[in-house]
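Asker: Got a predicted structure here, sequence first:
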Amino acid sequence: MAAPILSFENLGLNQGSQWLFRGLDIFIGQRDRLALIGRNGAGKTTLLKLLAGSIEADEGTRSVQPGARIITLEQDPDVRPFATLRDFTLSGDNAPPLHEIEAIADQLGIDLSREAATASGGERRRAAICRALASEPDLLLLDEPTNHLDIAAIDWLESWLNRYTGAFVVISHDRTFLTRLTKQTLWLDRGSIRRNEIGFGGFEAWMEAVYAEEARAAEKLDAKLKIEAHWLERGVTARRKRNQGRLSKLYEMRAERAAMVGPQGTAKIAVASDGSKTKSVITAEHAGKSFGDRTVIRDFSLRVRRGDRIGLVGGNGAGKTTLLKLLTGELEPDSGTVTLSKTLDMIFIDQQRSLMAPEKRVREVLAEGGDWIDVRGVRKHVHGYLKEFLFDPSLAEARIGTLSGGERSRLLFAREFARESNLLVLDEPTNDLDLETLDLLQEVISDYDGTVLIVSHDRDFLDRTVTVTLGLDGSGDVDIVVGGYEDWVKQRRQRNAPKTAKKAEAEPVAPVRTRTKLSYKDQRDLEMLPRQIEEIEARIAKDETALSDPELCTKNPGRFAALTTAIEQARAEKDAAEERWLELAEKAEGMAG
């Protein structure tokens, strides 16, 4: 077995009067693709900094392979000391070559001459990616790499990391990103760390198996009260059952909606509605919006019904914000009409979390400094309400500025969801959230009986929550698709494939051309590979679930080894199938052009 590129033995870090973690043993192999999982506050970002060597541990020995280049992509890169984003990318002792940086910038669509002080979150993140990837790292430490990126940029980053031959450790709330890329998992939990040779796709099954084993052990040790408290906080099995029920409900809602669109810790919370029985809450008829010579929205018609969960997807600049403003009445269309029900009572949560003043205390934000909060007509104590949103009640006196980004988002949800409403508008709600808070938010949306509008780049979140997806590509047209993000992607593939074949057949054959359409085998592969890839993914998920048994390695080492080998072979098979499909899709697209 090759020596690890980085290891830490007996790692310990003391924070104030207690240890954040102690006695951790970590190793990172030369080709590892590790998901670092843990709740907000568990210390994931701190652990990443310890691995990078940017902060010192109180205990333990850090070892790095000689000559290894370790690069960190920070969650919130500080570009303020620099005049331009280009200056930022060229900073540091070992700045990468400018031509490498500019090549990546071109692919990511970022103008590095942009003044750093006025750059958006997405521009800062793209600049940081340029600097990190151009540095030719042997080990990448990635802290929420998809935050502030649009779907096109996320897809590009996924493709780059799939080709990358080094190792990486990634913290991310993006389930799709983690599932597609990771092959091992580090789970930071209650001050200890566990490692499993499975990707994130098998994490939840592994987590449930670990908690179930802990419950059995606790019963044997007569520690029932302790495990009950743990279960109230986590609710792992209960949440899984509830979410399965919610997904079934979501699929039923999508089936009902399809006929209308036509061929074109456990958080016990809910969001109130006003009891209105109005079915159509927003009606757009042939709506259009332009800015100068550019048409952003063209001839858009949709009737949004009470209870719809509408997702808006597309690249940065495609028109998502404009469409959202049209649907909420903030903008008037240039042509056509958008009519809103007079009974609408809206909660709007924007991606800037602009309502959260850093100098205020949590109690002030929730209850105007008091001990009680009115939650949809029910009086609740601040401490109890904080628990419902996975907070320690002692945080009631904390200032907003001391909270993490995820904690601020949760607090904002807690405040806004206490209000009476019948329309939820969420603009990039998943930024800075951990996986448990994402589950919490999904539960809120599922249980809400009003209407929801969501702008998001989180593909898995959309697949789990929305009934209708509005897809924008920047052309002005809006795809209206029953289902989530993946349903939109599938429809685009199906819609484009016949057009490609038809166009290729219709074009006259020039003497210099050797082929005007795909061969029979290529065309068949292009059509069949998506289904084969899905079957391979299902096979991998099944084997990863079996491998997640924490006792399998000791009880049945032969089966453990066989499953590990099968998963690796299936991943290689999937990679080859995806590369083949991309090659054929590009070839078909080229012929169509």
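Answerer: Good, I have the coordinates. Residues are numbered from 1 along each chain as shown.
Asker: Which residue is the nearest non-sequential neighbour of residue 316?
Answerer: Of all residues not flanking residue 316 in the chain, residue 150 sits nearest, at 4.3 Å (C-beta to C-beta, 6 or more residues apart in numbering). In short, each C-beta sits where N, CA and C put it, glycine included.
Asker: wait, doesn't the one you found sit right on residue 315?
Answerer: Yes: when contacts are counted by C-beta atoms under 8 Å, residue 150 is listed as touching residue 315 (4.5 Å).
Asker: rewinding a little: tell me the spacing between the residue nearest to residue 316 and residue 313.
Answerer: Per C-beta to C-beta, to the nearest Å, residue 150 is found 9 Å from residue 313.
Asker: Can you pick out the residue with more neighbours from the two?
Answerer: The neighbour count for residue 150 versus residue 313, taken as other C-beta atoms under 10 Å, is higher for residue 313 (27 against 20).
Asker: For the more buried one, give its distance to residue 459.
Answerer: Counting by C-beta to C-beta, the gap from residue 313 to residue 459 is 8 Å.
Asker: Give me the common contacts of the two.
Answerer: When contacts are counted by C-beta atoms under 8 Å, 6 or more residues apart in numbering, residue 313 and residue 459 are jointly contacted by 151, 485.
Asker: tell me what the host helix or strand of residue 127 is packed against?
Answerer: Element membership of residue 127, judged by DSSP states H and E, is helix 121-134. Applying 3 or more C-beta pairs under 8 Å, 6 or more residues apart in numbering; DSSP states H and E, one finds that helix 121-134 contacts strand 70-73, helix 85-89, helix 98-108, helix 151-163.
Asker: How far off centre is the shortest one?
Answerer: Mean C-alpha position of strand 70-73 versus that of the full chain (C-alpha atoms, centre = their mean, to the nearest Å) differs by 21 Å.
Asker: strand partners of that strand, parallel vs antiparallel please.
Answerer: Strand 70-73 has the following sheet partners, assigned by DSSP bridges: strand 139-143 (parallel).
Asker: and the angle from the strand it pairs with to helix 151-163?
Answerer: Our comparison of strand 139-143 with helix 151-163, counting by axes from the mean of the first three to the mean of the last three C-alpha atoms, to 10 degrees, yields an angle of 150 degrees.
Asker: quick one: contacts of strand 139-143?
Answerer: Contacts for strand 139-143 (C-beta under 8 Å, 6+ apart): 5-6, 28, 44-45, 48, 51-52, 68-75, 132, 164, 166-172.
Asker: Return the residues in contact with the residue nearest the centre of the chain.
Answerer: Taking C-alpha atoms, centre = their mean as the criterion, residue 174 is the residue nearest the geometric centre of the chain, at 2.3 Å. Residue 174 makes contact with 146, 154, 430, 458, 459, 460, according to C-beta under 8 Å, 6+ apart.
Asker: these two touch, right, the fourth one and residue 433?
Answerer: Right, the one you point to is residue 458. No: counting by C-beta under 8 Å, residue 458 does not reach residue 433; the two are 9.1 Å apart.
Asker: Spell out which residues are contacts of both of those two.
Answerer: residue 173.
Asker: Quick check on these two: which one has the bigger neighbour count.
Answerer: Neighbours were counted for residue 458 and for residue 433 using other C-beta under 10 Å; residue 458 has more, 27 against 24.
Asker: and that one, how far is that from residue 41?
Answerer: In this structure, residue 458 and residue 41 are 21 Å apart, going by C-beta to C-beta.
Asker: and what of residue 468?
Answerer: Counting by C-beta to C-beta, the gap from residue 468 to residue 41 is 35 Å.
Asker: and these two? which has more neighbours close in?
Answerer: It is residue 468, of residue 468 and residue 41, that has more neighbours when counted by other C-beta under 10 Å, with 25 against 15.
Asker: Tell me, how many residues neighbour the closest residue in space to the more buried one that isn't next to it in sequence?
Answerer: If the residues on either side of it in the chain are set aside, residue 468 comes closest to residue 310, at 5.2 Å by C-beta to C-beta, 6+ apart. Using other C-beta under 10 Å, residue 310 has 23 neighbouring residues.
Asker: Look up which residues are beta-bridged to residue 310.
Answerer: Counting by DSSP bridges, residue 310 forms beta bridges with residue 453, residue 468.
Asker: Let me see the contact set for residue 465.
Answerer: Shown in contact with residue 465 (C-beta under 8 Å, 6+ apart): 250, 309, 311, 442, 445, 446, 452, 454, 484.
Asker: Return the set of buried residues in stretch 367-377.
Answerer: Using 16 or more other C-beta atoms under 10 Å as the test for burial, stretch 367-377 gives 367, 373, 375.
Asker: do the same with stretch 77-91
Answerer: For stretch 77-91, by 16+ other C-beta under 10 Å, it's 77, 79, 82, 84, 85, 86, 88, 89, 90.
Asker: What of stretch 31-47?
Answerer: In stretch 31-47, counting by 16+ other C-beta under 10 Å, buried: 32-40, 42-47.
Asker: picking up where we left off before, dump the contacts of residue 174 to TSV, plus secondary structure.
Answerer: Shown next, in TSV, are those (DSSP: H, G, I helix; E, B strand; the rest coil):
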residue	secondary structure
146	coil
154	helix
430	coil
458	coil
459	helix
460	helix
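Asker: could you list every residue that touches the residue nearest to residue 316?
Answerer: 122, 314, 315, 316, 318, 457.
Asker: Make sure I have this right: the fourth one is in a helix.
Answerer: Think residue 316. No: with three-state DSSP as the criterion, residue 316 is located in coil rather than a helix.
Asker: tally of neighbours for it?
Answerer: Residues near residue 316, counting by other C-beta under 10 Å, number 19.
Asker: Ramachandran coordinates for it?
Answerer: Main-chain torsions, residue 316, degrees, to the nearest 10: phi -60, psi 130.
Asker: go on, residue 81?
Answerer: phi -70, psi 0.
Asker: next one: residue 524
Answerer: phi -60, psi -40.
Asker: Check residue 472 too.
Answerer: According to degrees, to the nearest 10, residue 472 has phi -120, psi 140.
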